[in-house]
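> next comes the sequence, and after it the predicted model I'd like to discuss.
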Amino acid sequence: MSGTAGHIDPANKKIALLISILALVLAFSETLGKAAQTAALSKNIEATNLWSFYQAKSIRLTTMRTAAENLEAQAGATDVAAVKAQIDAWRKTAARYESEPETREGRKELAERAKEAEARRDHEMAAYHQYELASAAVQIAIVLASATIITGIGALAWLAGGLGVVGAVFCLVGFLAPMAIHLF
C-alpha cells in the first residue's frame, strides 16, 4: 500500500478522507445525542414536577371536598346560612383545584401539561437512541477504514463506507423523525 519513501499511496489518501468524513458524522451524532439526552432528562424532570403538582392539587381538592361534606353534615346544629356560605366557598375552591384554565394549574390542566412533557421526553429519548446507533455504526466504520490501511483489504473500506452511510441515516432519522424507527 505504501509507495516510495516520502510518497503517500493515493488509496490511503482516499481512506484518510473517508475516516475524516466518518469522524465528522460521529461528531454530529455524539453532539446531537448528548443534546437529546439532556433535553429528555429535562422533560422528565418537568413531567415529574407537574405530576407532583397534580398530586398536591388532588390532596387539596380532597381536603376541600371533605371539609365541605363534613360541615354540610353538621349544618343542622349551627347557623345554616353561614355554614352554607362556607360550603359554597370550599366547593368553589375545590372546583378551581379541579380545573383552572386561565393559569393552567388545575388538576385537569396539570395532567395535560404533564402528558405533553412526557411526549416531548419520549421524542427526545427516541432521538437519543437514533444518535447512539449512528455513533456506534460510525465508530465501527472508522475502525474498519483504519484496518484497510493496515491490511490493504479493499472490502473493509467498502464496508466502512456502508456503515458510515448507515450511521448518517440514523443521524438524520434522529434529527428529522426520531419516532420513525423503533429498535429498542
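In hand now; what should we look at? Residues are numbered from 1 along each chain as shown.
> list the buried residues in the helix or strand of the chain with the lowest mean pLDDT.
Every helix and strand of the chain was ranked by mean pLDDT, DSSP states H and E. The lowest is helix 80-98, at a mean of 83. Buried residues in helix 80-98, counted by 16 or more other C-beta atoms under 10 Å: 83, 86-87, 90-91, 93-94, 96-98. From N, CA and C alone the C-beta is placed, and that goes for glycine too.
> can you check stretch 22-32 too?
Within stretch 22-32, the residues that count as buried by 16+ other C-beta under 10 Å are 22, 25-26, 28-30, 32.
> now do stretch 143-160: everything it contacts.
If you take C-beta atoms under 8 Å, 6 or more residues apart in numbering as the criterion, stretch 143-160 is touched by 1, 11-12, 14-16, 18-19, 22, 141-142, 161, 163.
> rerun at 6 Å
Residues outside stretch 143-160 that contact it (C-beta atoms under 6 Å, 6 or more residues apart in numbering): 1, 12, 15, 18-19, 141.
> scan those residues and report the most crowded one.
Most neighbours among these, by other C-beta atoms under 10 Å: Ala141, with 29 neighbours.
> where does this protein dip in pLDDT?
1-8, 75-78, 184 (pLDDT under 70).
> how about a cut-off of 80?
1-9, 71-80, 82-83, 183-184 (pLDDT under 80).
> other SSEs contacting the helix ranked longest in it?
Ordering each helix of the chain by length in residues (DSSP state H) puts helix 10-73 first. Here helix 10-73 touches helix 80-98, helix 107-151, helix 154-176, going by 3 or more C-beta pairs under 6 Å, 6 or more residues apart in numbering; DSSP states H and E.
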